[in-house]
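Chemist: make a model of this:
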Amino acid sequence: MQQETYEIATMSRREVDLAIDWAANEGWNPGIHDAECFHAADPDGFLIGLLNDEPVATVSAVRYDDSFGFIGLYIVRPEYRGRGYGSRILGAATARLAGCNIGLDGVVGQQEHYRGLGFRLAYRNVRYEGWGPGGAFADSGECVGLATLPFDRVEAYDRAFFPAPRSRFLERWIAQPDARALGVLREGRLAGYGVRRKCLAGHKIGPLFADTPALAQTLLAGLREGLAEAEPFYLDVPEVNRAALGLAERHGMRIVFETARMYTGADPALSLERLYGVTTFELG
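Modeler: From the prediction side, this is the model:
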């Protein structure tokens with residue numbers, strides 16, 4: 001009988017594609033260009049568990065800076081669950097982020113496990129599903145293409161909504177193919193922005209940040225443009241932002257999923273009242 005060997009290694013760029021495939025199998029509906037954007041955030045931040053050289057587990061442990069990291073893509077192949085491989089790779093992920101306040105979006109079935117590892121509940125995120133309005137792209141009114149603005153303006157605006165700089169990720173996220181990235185200006189300054197990306201099923205909108213509910217409505221309307229009438233789109237809303245919940249409900253969206261935003265340290269000082277849509281459950 002072959003002796004069992006379990007090794008945890010850093011993923012190659014190609015192996016990140018495998019993790020995204022597994023996420024699809026879990027029903028998480030990843031974006032079709034997620035792997036490229038995710039890997040850019042921290043090329044050493046993706047771990048794979050190999051049982052006798054066969055991939056059986058994955059996790060991401062992206063270190064944004066020396067103070068903040070984020071865990072996602074925590075998956076064990078179903079036939080290997082309950083045998084400790086997940087706990088070991090998750091331990092390697094938290095060890096990689098030692099010294100950081102670590103965040104994650106925990107699915108319902110894993111939240112008690114994360115509490116046992118020292119994560120605390122900050123708030124729930126609720127995924128809403130809606131449908132396109134039908135028709136071709138129209139004039140988005142007050143919206144401008146995000147690519148027409150200097151990147152440093154977008155990056156500076158983003159800092160109110162994320163605990164650490166994330167320029168390498170953000171550059172690719174807002175410029176990815178098959179996406180629509182829009183901003184709104186007030187008196188020449190950026191007052192909100194959002195990104196819609198193509199997923200295996202429909203599209204996801206994230207992030208959606210705006211200074212006022214009216215501007216969030218303007219952005220959401222612009223990001224829905226061009227979607228077929230029966231084409232689904234998804235928006236992940238922090239439950240603590242009541243205006244964001246109202247925005248989703250006014251668009252006739254329905255709740256289909258939820259996660260818990262959890263941290264090992266204090267809740268970061270984010271502008272949650274202006275955060276209408278989470279960027280991604282996998283990277284924060």
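Chemist: C-alpha from now on. contacts and neighbour counts both.
Modeler: Fine.
Chemist: give the contact list for Ser60.
Modeler: 45-47, 70-74, 93, 282 (Cα atoms under 8 Å, 6 or more residues apart in numbering).
Chemist: just Tyr263 next, same as before
Modeler: 101-104, 119-122.
Chemist: show the buried residues in these.
Modeler: Among these, the ones that count as buried by 16 or more other Cα atoms under 10 Å are 101-104, 119-122.
Chemist: which ones among those residues map onto strands?
Modeler: Mapping the buried ones among the contacts of Tyr263 onto strands (DSSP state E) picks out 101-104, 120-122.
Chemist: can you tell me which of those is nearest Pro55?
Modeler: The shortest gap between Pro55 and any of those belongs to Leu104, at 22.7 Å (Cα to Cα).
Chemist: so what's that closest one bridging to?
Modeler: Bridge pairing for Leu104 (DSSP bridges) gives the partners Ile71, Met262.
Chemist: what sits against the nearest residue to Leu200 once chain neighbours are set aside?
Modeler: Leaving aside its sequence neighbours, Leu200 sits nearest to Asn29 (Cα to Cα, 6 or more residues apart in numbering; 5.7 Å). Listed by Cα under 8 Å, 6+ apart, the contact set of Asn29 reads 23, 199-201.
Chemist: so which of those residues is the most crowded?
Modeler: When neighbours are counted by other Cα atoms under 10 Å, Cys199 leads the contacts of Asn29 with 20 neighbours.
Chemist: what's the closest non-adjacent residue to that one?
Modeler: Per Cα to Cα, 6+ apart, closest to Cys199 is Gly31, 3.8 Å.
Chemist: could you report the neighbour count for that neighbour?
Modeler: Gly31 has 22 neighbouring residues, counting by other Cα under 10 Å.
Chemist: residues contacting it?
Modeler: So Gly31 contacts 197-200, 203-204 (Cα under 8 Å, 6+ apart).
Chemist: got a list of contacts for the least confident helix or strand in the chain by mean pLDDT?
Modeler: Least confident element among the helices and strands of the chain, by mean pLDDT, DSSP states H and E: helix 111-116 (a mean of 92). Here helix 111-116 makes contact (Cα under 8 Å, 6+ apart) with 106, 260.
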